[in-house]
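> any chance you can model this:
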Amino acid sequence: SNSSSSSEYYVDLADGQAVTNISVLLVDDTEPEQSETFQLELVGAVALSSTPTFTQPALGLPATLQVQIAPSDNPFGRLGFRLSSISVAETHGALDVEVQRLDGVQGSVSASWRVQPAASDVTPLQGTLTLSSNQTSAMLRINIVDDAVPELDQVLQLQLTDVLGGAVLDPMRSVLNLTVLANDDWNGVLQFDSSTYELPEGAASAACLVVSRGAGTFGVATVQWRILHNSTSVADLAAAASSGTLTFGPGQTQQSLCLTVLADGVPELDEVFTVELSNPSAGAALGSPAQTLVTVPANDYPHGRFRLSCSDRFGLSADGTNSDRVVVTVLRTGGAIGTATVRLELVNSAAAQSLTSFSGITLTFGNGVTSQGAFVSTRPLTDLSSSQSFQVRLMDSTDGAVIDSSGDTGLVTVANSRFTSDVVEHARIAACDPGRFSTPTETVAGSSRVYQASHVQLLLASVDELLARGTAMSAQDVQVALSVLADVLDPSHIAVGVSDFRPAARQVEQLTDILLAQRQNASLCPGTESHALGTLATIYLEDVAQNSLLGGATFSSPATPPTQAQLPTNLAGLGAGSGGSCAAMRLVYYNAATWFPTPVLYRVNPSGTTATDDGNGNWVVLGQRVLSLRLPAAVPANSISFSDPVVLSFPLVTDGLAEGADFVCAWWNFDLRDGLGAWSTEGCRQRSNSNNNN
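Down below sits the predicted model:
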């Protein structure tokens, strides 16, 4: 009862009944209450029968009963978090979390709290919360620590424990899930490693722009890129696309964007374009620089590359019998953008003062100018017993132009005779400008460079002058001789009917002997050396140990297929050359017999006589390969017995031959035809014709 007053009730006991129950109904309300007490008291006993024989009942002891109602509906409160979960950024700072006190609010209560698991992103990690009497809620404050460590979502729990003061925990609300969201660019900060890059022009030169991924590397990150063409954009940029997407895998910190600028051969100044990053994936950010400037450096010598013309590098010739002058031509190759200068100076001017009054000159090339000439005056020779020479050199180029080191020096020869001057001039033209010997009336199919016989003779005379220097020939002398021989005697350059001139093969033989002697003098043994004479011939020099020549050694040209020479097995008396323990061999491999211009074959008949042909004039030299083999020069001819032959093996050219054509073994005899030379079969025979056409 809610009444504080007394209430009176009756209970009946029937005749013979010794015990009865009193039921009191307790009202279950929702009001939080502490303990309550009420008393049941027996206050009077009355007989219900009117029979006089009954005696009135008496009250025994105990006649009272104290009843206590326990506290109900949490009078001190039920504690729990107002929210079940909270998500915050790491930058949130102080976070107040509300704890509610439901049901009763009587008295002062407290509860402990803690953060699980312990995390560096939250402070403090534990504490106590107190609510005074009648207080229905309180704030629990924690601080979210803003560090610089990239992290994914971090899920923590705030837990209420150890309630004091009579309150209880609400089991449904005693835990709050706290999520500190992924932070500090957990997916990465994407940026170029450099704000500038250089991308050289050239298909084989690909440059990679490096994009780095800083901060976090959790999961997959992407970023888009595109090329922004600037005012001087590169027209020949050969990227697979002008835009795209770079993808970083988990943990990957670098990715490369590779671009290529095709080499167009066009001289160009610096060209630039910009590459930009944009739209990073969620959780990633753009760093700095997000743009990079790519420069394609000036290429193909836009301001020019100075060099002397081929003629000047191989030598100019002045008439030393009188005062004369030559024109030194300076070429500006590559580009010709803008104005540039270069200086032409005399090398070792003090020593050359007796030959020339020239000291130097600065040449100015305007925009677009590619060639300039400088006059170099020469003085007469005081001693006409020999020619003398001096050098000029390019130096001190300006305004971005450079000097080609392979053509920066030229030779001027002051010849001791007009003829010598002409010979040097013809050698120069043969090496550098053979088209000047062209004769429109004498042509060969596919070629416009055809030489007259007189030109050929003069050119070969110039080679003779160089060969007369012997082992004193310079590297430049050798180069001039090789150039003249290779160019002049190209079959497509020799006029129709030109055949009876002094054969260049003799000069090739002399040149190889000189080169071999130079190797010996320079102690280059053992070793090998080769020189190509165009496509027509190749000189092979080989210094070998003396004992390798014994027992029938075989030497092969590197050509494919090779031409081989097998020496006799009875060369035990072969001595060493000037190289000491080495013996010098040399092979000259002629790709065709056109270097031996004669249609006549001198054949040894069974009777021992020789004939110039087979009676019908049909002994014509075919276009087969020719091998020249020379044993060490230091070996006396009479010390060797050639009872065993030297065996040569040739790959035969059979295309176009009639069926049953006869192959003839022949050797070139330089003494025939009054020194012009011819083919002879004397002492030469065909050994076999193998299945592989050797």
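> which residues of this structure fall in helices?
Ranges of helices within the chain are 310-314, 349-352, 418-432, 453-467, 475-488, 504-521, based on DSSP state H.
> any idea where the strands of the stretch 51-200 of the chain begin and end?
64-69, 78-81, 85-88, 94-102, 109-116, 122-123, 126-131, 137-144, 154-164, 168-169, 175-180, 188-192, 196-198 (DSSP state E, counting those that start in this stretch).
> just how off-centre is the fifth one within its chain?
Taking Cα atoms, centre = their mean, to the nearest Å, the mean C-alpha location of strand 109-116 is offset from the chain mean by 64 Å.
> adjacent strands (with direction) for it?
For strand 109-116, the paired strands and their directions (DSSP bridges) are strand 126-131 (antiparallel), strand 154-164 (antiparallel).
> can you give me the buried ones in it?
Burial within strand 109-116, assessed by neighbour count using 16 or more other Cβ atoms under 10 Å, is assigned to 109-111, 113, 115. No exception for glycine: its C-beta is placed from N, CA and C like everyone else's.
> worst mean pLDDT among the helices of the chain?
Of all the helices of the chain, mean pLDDT reaches its minimum on helix 418-432 (a mean of 61).
> contact partners for the closest residue to residue 90 other than its chain neighbours?
Counting by Cβ to Cβ, 6 or more residues apart in numbering, residue 183 is the residue found nearest to residue 90 once chain neighbours are left out, at 3.9 Å. The contact partners of residue 183, by Cβ atoms under 8 Å, 6 or more residues apart in numbering, come to 89-91, 150-151.
> so what sits opposite residue 183 in the bridge?
Residue 183 has these beta-bridge partners by DSSP bridges: residue 151.
> I figured residue 369 hits residue 331, correct?
No: taking contacts as Cβ atoms under 8 Å, residue 369 lies outside contact range of residue 331: 10.6 Å.
> residue 173 touches residue 80, doesn't it?
Yes: judged on Cβ under 8 Å, residue 173 makes contact with residue 80 at a distance of 2.8 Å.
> neighbour count for the two, which is higher?
residue 80 (21 against 18; other Cβ atoms under 10 Å).
> any idea how far residue 80 is from residue 100?
6 Å (Cβ to Cβ, to the nearest Å).
> need the overlap of contacts for the two.
residue 173.
> helices and strands of the protein: which one bottoms out on pLDDT?
strand 610-611 (a mean of 47; mean pLDDT, DSSP states H and E).
> using CSV, lay out the strands paired with strand 109-116 together with mean pLDDT, mean neighbour count and distance to residue 591.
CSV is the format used below for the strands paired with strand 109-116 (pLDDT from 0 to 100; neighbours: other Cβ atoms under 10 Å; distance: least, Cβ to Cβ, whole Å):
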stretch, mean pLDDT, mean neighbour count, distance to residue 591
strand 126-131, 93, 15, 96
strand 154-164, 92, 16, 81
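> how about a markdown table for those strands, with distance to residue 59 added?
Shown next, in a markdown table, are the strands paired with strand 109-116 (distance: least, Cβ to Cβ, whole Å):
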| stretch | distance to residue 59 |
| --- | --- |
| strand 126-131 | 50 |
| strand 154-164 | 46 |
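> for these, which one sits closest to residue 668?
strand 154-164 (94.4 Å; Cβ to Cβ).
> so what's the gap between that closest one and the chain middle?
For strand 154-164, the distance to the chain centre is 60 Å (Cα atoms, centre = their mean).
> I'd assumed residue 486 was in contact with residue 534.
Yes: checked against Cβ under 8 Å, the pair residue 534 and residue 486 is within contact range at 3.5 Å.
> shaky segments in the stretch 1-150 of the chain?
In the predicted model, the stretch 1-150 of the chain carries pLDDT under 70 at residues 1-5, 50-54.
> ends of stretch 367-376, what's the gap?
End-to-end distance of stretch 367-376 (Cα to Cα, to the nearest Å): 25 Å.
> all further residue positions should be reported with the first residue as 36.
Taking 36 as the first residue, the last one we looked at is stretch 402-411.
> residue 196 pairs with what?
residue 147.
> measure it to residue 426 for me?
Counting by Cβ to Cβ - residue 196 and residue 426 are separated by 100 Å.
> residue 404 and residue 366: who's more crowded?
Neighbour count, other Cβ under 10 Å: between residue 404 and residue 366, residue 366 has more, with 19 against 14.
> contacts only, for the closest residue to residue 312 other than its chain neighbours.
Among residues not flanking residue 312 along the chain, residue 325 sits closest, at 4.5 Å (Cβ to Cβ, 6+ apart). By Cβ under 8 Å, 6+ apart, the contact list for residue 325 reads 225-227, 311-313.
> those residues, buried ones only, as a ChimeraX selection?
Remark: buried members of those, expressed as a ChimeraX selection using 16+ other Cβ under 10 Å:
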select :225,226,227,311,312
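> and which of the contacts of residue 325 is nearest to residue 682?
residue 227 (69.4 Å).
> gap between that closest one and residue 243?
For residue 227, the distance to residue 243 - Cβ to Cβ - is 11 Å.
> ok, now residue 91?
Counting by Cβ to Cβ, the gap from residue 91 to residue 243 is 119 Å.
> so those two - more neighbours on which side?
Higher neighbour count among residue 91 and residue 243: residue 243, with 12 against 8, using other Cβ under 10 Å.
> so the more buried one touches residue 291, yeah?
Yes: using Cβ under 8 Å, residue 243 is in contact with residue 291, at 4.0 Å.
> re earlier: can the contacts of residue 325 go into JSON lines with extra columns for distance to residue 391 and pLDDT?
Listed next are these as JSON lines, based on distance: Cβ to Cβ, whole Å; pLDDT from 0 to 100:
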{"residue": "225", "distance to residue 391": "67", "pLDDT": "93"}
{"residue": "226", "distance to residue 391": "63", "pLDDT": "94"}
{"residue": "227", "distance to residue 391": "58", "pLDDT": "94"}
{"residue": "311", "distance to residue 391": "61", "pLDDT": "93"}
{"residue": "312", "distance to residue 391": "63", "pLDDT": "94"}
{"residue": "313", "distance to residue 391": "67", "pLDDT": "94"}
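> how many residues are close by the nearest residue to residue 102 once chain neighbours are set aside?
Spatial nearest neighbour of residue 102, chain neighbours left out: residue 73 (5.4 Å); criterion: Cβ to Cβ, 6+ apart. Each residue near residue 73 was counted by other Cβ under 10 Å, and the total is 15.
> returning to what we had before: how near is the residue nearest to residue 125 to residue 133?
Taking Cβ to Cβ, one finds residue 218 at 24 Å from residue 133.
> buried set for stretch 500-519?
Within stretch 500-519, the residues scored as buried using 16+ other Cβ under 10 Å are 500-502, 508, 512-513, 515-519.
> then stretch 126-135?
130, 132, 134-135.
> now residue 118. Nearest residue, chain neighbours left out?
Nearest one to residue 118, counting by Cβ to Cβ, 6+ apart, is residue 211 at 6.3 Å.
> for the one you found, list each beta-bridge partner.
residue 193.
> ok, residue 380 next?
Here residue 380, judged by DSSP bridges, has bridge partners residue 395, residue 428.
> need the overlap of contacts for residue 208 and residue 115.
Both residue 208 and residue 115 are contacted by residue 135, under the criterion Cβ under 8 Å, 6+ apart.
> what is the burial count for the nearest residue to residue 133 once chain neighbours are set aside?
Counting by Cβ to Cβ, 6+ apart, residue 133 lies nearest to residue 117, which is 4.3 Å off, once chain neighbours are set aside. Using other Cβ under 10 Å, residue 117 is surrounded by 11 other residues.
> show me the contacts for residue 117.
Applying Cβ under 8 Å, 6+ apart, the residues near residue 117 are 133-135, 172, 208.
> most widely separated two among those residues?
The span of these, defined through Cβ to Cβ, is set by 172 and 208 at 12.3 Å.
> is residue 720 in contact with residue 700, as I believe?
Yes: applying Cβ under 8 Å, one finds residue 720 in contact with residue 700, separated by 5.7 Å.
> out of the two, which sits in the more crowded spot?
residue 700 (12 against 8).
> I'd say the more buried one and residue 719 touch.
Yes: between residue 700 and residue 719 a contact is recorded at 4.4 Å, counting by Cβ under 8 Å.
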